[in-house]
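# quick one: sequence plus predicted model below, questions after.
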Amino acid sequence: MRAYAGDVGARLLLGRHHESHVLDRLLESARAGQSGVLVLRGQPGVGKSALLEHLVARASGCRVARAAGVESEMELEYAGLHQLCAPVLDLSERLPAPQRDALAAAFGLSAEPAPDRFVVGLAVLGLLSEVAGEWPLVCVVDDAQWLDQVSAQIIGFVARRLTAERVALVCAARTGPGDGVFAGLPELAIEGLGDIDARALLLDNVHGPLDAAVCDQIIAETHGNPLAILELPRTWNAADLAGGFGLPGSGPVAAGIEQSYSRCLGVLPAETQLLVLTAAAEPLGDLMLLHRAAKALGVDIAAVDPALDTGLVKVGGRVEFSHPLVRSAAYRSATADDRQRAHRALAAATDAETAPDWRSWHRALATPGADEELATELERSAGRAQARGGVGAA
């Protein structure tokens with residue numbers, strides 16, 4: 001697991017030259033005697049943790065202290081701070097007695113009463129300064145949005161008082177739940193990759209043929225999110241990727257997020273859910289096809305508006321989902337009858353002359369039992385795919 005995570009981390013650094021350079025400069029300044037603080041802020045999966053690992057890997061000749069917020073520990077005061085300070089607590093003996101005692105009480109190392117937070121903050125600042133007096137110190141805090149409130153408060157207190165202690169303090173926080181964490185400190189927004197880098201990442205990590213339309217849809221729906229680009233193709237098999245017949249899917253890692261999206265979709269009107277399901281069942285995001293399918297369903301296309309208002313679905317030149325797991329949730333949470341109904345409408349909306357393979361595919365997924373005529377159509381579709389060199393799709 002560690003090796004896999006590191007491998008993914010290395011791939012997530014593609015296209016991060018500017019961000020890596022900023023971190024390298026911060027590290028150089030710390031080595032030269034000038035402290036620096038930076039908060040990396042961005043969406044889950046955008047590569048914040050990979051950038052922290054890059055910083056740690058470059059920190060040769062430095063001492064490293066690190067912490068990571070854990071949602072289950074948010075109610076435990078000083079839990080995050082203890083992670084950060086535990087490796088260097090051996091130097092706490094050098095602190096003034098009031099600070100040393102406050103730190104010991106905060107971390108449960110003594111039976112003293114609850115310490116004053118201001119004194120604990122001074123103690124942590126003094127402790128980091130003592131460490132940096134011997135080696136340049138790199139402090140990294142990941143998932144800062146899950147830090148307990150006291151730890152976040154004290155780390156912010158320390159960050160605003162670092163000057164010439166040879167300390168580089170870099171924290172990563174998600175946008176949304178982490179917007180208020182370390183507000184006012186220097187920030188670097190971590191955005192999705194540009195189109196060229198996103199395509200390069202996708203093509204480097206899909207082993208086998210990739211249909212051009214499927215590639216376009218993956219790039220559009222992931223919005224350049226590196227982890228999503230890496231994970232989305234894992235939910236499709238080789239035939240799906242090669243022939244463009246992929247259905248939404250999800251892996252165990254994303255199950256919790258997918259369930260959350262399912263709940264959001266579940267409160268939408270029934271006709272809205274049906275249209276979102278139909279869009280999810282059509283993996284290439286063809287907007288005109290969705291219009292025709294809505295007509296076949298007897299549903300006004302305007303029924304999709306509540307889904308647009310939530311931000312889960314976006315309609316522009318194509319139909320896009322705010323995250324690949326929204327598509328997955330819409331499809332997997334639907335009943336078998338509704339999925340068949342959506343595919344039946346898509347088959348009716350698909351031109352048999354210009355897209356016979358798509359029509360056969362949708363018809364097959366709309367048919368609950370054996371159908372000799374349809375089986376013959378699928379055989380012809382496979383023959384056409386093989387003739388084009390699409391062995392995987394065939």
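Cool, got the structure.
# skip the chain neighbours and tell me the closest residue to residue 125.
Nearest non-adjacent residue to residue 125, counting by Cβ to Cβ, 6 or more residues apart in numbering: residue 158, 4.9 Å away. Using the backbone N, CA and C atoms, a C-beta is placed for each residue, glycine as well.
# wait, that neighbour sits on residue 123?
No - using Cβ atoms under 8 Å, residue 158 is not in contact with residue 123; the gap is 9.8 Å.
# got a list of what the residue nearest to residue 103 when sequence neighbours are not counted touches?
Of all residues not flanking residue 103 in the chain, residue 123 sits nearest, at 4.3 Å (Cβ to Cβ, 6+ apart). Shown in contact with residue 123 (Cβ atoms under 8 Å, 6 or more residues apart in numbering): 92, 95, 99, 100, 102, 103.
# one more time with 10 Å, if that's ok
Shown in contact with residue 123 (Cβ atoms under 10 Å, 6 or more residues apart in numbering): 85, 92, 95-96, 98-104, 106, 115, 154, 158.
# could you do residue 167 as well?
Going by Cβ under 10 Å, 6+ apart, residue 167 touches 30, 34-37, 62-63, 65, 125, 128-129, 131-132, 136-139, 158-159.
# ok, 8 Å please
Residue 167 makes contact with 30, 35, 36, 128, 129, 132, 136, 137, 138, 139, according to Cβ under 8 Å, 6+ apart.
# centroid-nearest residue for this protein?
Nearest to the mean C-alpha position of the chain, counting by Cα atoms, centre = their mean, stands residue 45 at 2.5 Å.
# which helix or strand contains that one?
Assigned by DSSP states H and E, residue 45 belongs to neither a helix nor a strand.
# any idea how far residue 175 is from it?
Counting by Cβ to Cβ, to the nearest Å, the gap from residue 45 to residue 175 is 12 Å.
# cool, and residue 270?
For residue 270, the distance to residue 175 (Cβ to Cβ) stands at 32 Å.
# neighbour-wise, which of the two wins?
The neighbour comparison of residue 270 against residue 175 (other Cβ atoms under 10 Å) goes to residue 175, with 14 against 9.
# would you agree the more buried one is in contact with residue 39?
No - the criterion here is Cβ under 8 Å, and residue 175 misses it with residue 39 at 11.2 Å.
# chain center to stretch 265-282: distance?
Relative to its chain's centre, stretch 265-282 lies at 23 Å (Cα atoms, centre = their mean, to the nearest Å).
# low pLDDT regions in the chain?
Along the chain, segments meeting pLDDT under 70 span 1-12, 72, 231-258, 260, 283, 324, 371, 381-394.
# what residue in it is the furthest from its centre?
Relative to the centre of the chain, the most outlying C-alpha is that of residue 97, 44.5 Å out, by Cα atoms, centre = their mean.
# now do that residue against residue 116, distance only.
Here residue 97 is placed at a distance of 14 Å from residue 116 (Cβ to Cβ).
# tally of neighbours for residue 119?
Residue 119 has 17 nearby residues by other Cβ under 10 Å.
# so what's it closest to, chain neighbours aside?
residue 102 (4.2 Å).
# for residue 43, give me its contacts.
174, 175, 176, 192, 225.
# repeat that with 10 Å
Neighbouring residues of residue 43 by Cβ under 10 Å, 6+ apart: 174, 175, 176, 190, 191, 192, 223, 224, 225, 227, 228, 323.
# dump the residue contacts of the second one.
The reference is to residue 175. Contacts of residue 175 by Cβ under 10 Å, 6+ apart are 41, 42, 43, 44, 46, 145, 189, 190.
# swap in residue 163?
Residue 163 sits next to 33, 34, 35, 129 when contact means Cβ under 10 Å, 6+ apart.
# which residues in the stretch 151-300 of the chain form helices?
Taking DSSP state H, counting those that start in this stretch to define them, one finds helices in the stretch 151-300 of the chain at 195-205, 212-222, 226-231, 238-243, 255-266, 270-280, 287-297.
# so which of the ones you listed is nearest residue 317?
Residue 317 lies closest to helix 287-297 among those, at 7.1 Å (Cβ to Cβ).
# what residues sit buried inside the next helix or strand after the closest one?
Downstream of helix 287-297, the next assigned helix or strand under DSSP H and E is helix 305-310. In terms of neighbour count (16 or more other Cβ atoms under 10 Å), helix 305-310 has its buried residues at 306, 307, 310.
# same check on stretch 98-109?
In terms of neighbour count (16+ other Cβ under 10 Å), stretch 98-109 has its buried residues at 99, 100, 101, 102, 103, 104, 105, 106, 107.
# and residue 361, that's in a helix?
Yes - under DSSP: H, G, I helix; E, B strand; the rest coil, residue 361 falls within a helix.
# isn't it up against residue 343?
Yes - if you go by Cβ atoms under 10 Å, residue 361 and residue 343 touch, sitting 8.4 Å apart.
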